[in-house]
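In: with the sequence up front, the predicted model follows.
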Amino acid sequence: MEKRKKREILIVILLVFVIVTGFVLKSYLTPKKKYIFTTLCSLDGKRVEAVFEVTWHRHLLAPTELEGMIAVDGIVYRGKISGNRTFAEQIRAKMNGDVIVPHFVIWPQHSVEDAFKNYVWLPYANSSSASENFQLICLYSARDVTLYYGPAENAEEAQAILEKMVNGS
């Protein structure tokens, strides 16, 4: 009789564990979509309007990836991961905490040079949860070789964002 009770308790514990693990995995693996409309500003006071329509994709055995669309002053840039890592390299990258953030290229491309001379990139997108959630943004624009910070309306606010990103506060 007592063996039967122990077995029932063990089955209940295992069932609860499986259900909780399923919910945790579903939550972790569900893509995190972000839609943000904001003003970004450079350290010298140049402002741009930016729209982010991006998605974070988490994986168990590969690094988290960002893809989607960024529009800067009406110019649309698209970013998509085209990985060619081996399975072992992906696991190693995941263990190192790597995050894959592509260069977002102008779309549609009018020439091959568009991909090399007119792109945007998020250099700090993987450095903190505030950056991952786009509460702090640093956007590099190859078109004018400028770093924009935001959300910021002026150079002082951009400087404050930079300091938060560098100091981690």
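Out: Right, received. Where do you want to start?
In: host element of the residue lying closest to N133 once chain neighbours are set aside?
Out: Leaving out its chain neighbours, the residue that sits closest to N133 by Cβ to Cβ, 6 or more residues apart in numbering is K34, at 7.3 Å. C-beta coordinates here come from the backbone N, C-alpha and C atoms, glycine included. If you go by DSSP states H and E, K34 is part of strand 32-42.
In: what pairs with that strand, parallel or antiparallel?
Out: strand 47-57 (antiparallel), strand 146-150 (antiparallel) (DSSP bridges).
In: quick one: which of these is nearest P108?
Out: strand 47-57 (16.7 Å; Cβ to Cβ).
In: can you name the next helix or strand after the closest one?
Out: Next element after strand 47-57 (DSSP H and E): strand 64-72.
In: what strands line up against that following strand, and which way round?
Out: Strand 64-72 sits in its sheet next to strand 47-57 (antiparallel), strand 75-79 (antiparallel), strand 99-100 (parallel), going by DSSP bridges.
In: what's the spacing between L139 and V54?
Out: In this view, L139 and V54 are 12 Å apart by Cβ to Cβ, to the nearest Å.
In: joint contacts of these two?
Out: Both L139 and V54 are in contact with I70, where contact means Cβ atoms under 8 Å, 6 or more residues apart in numbering.
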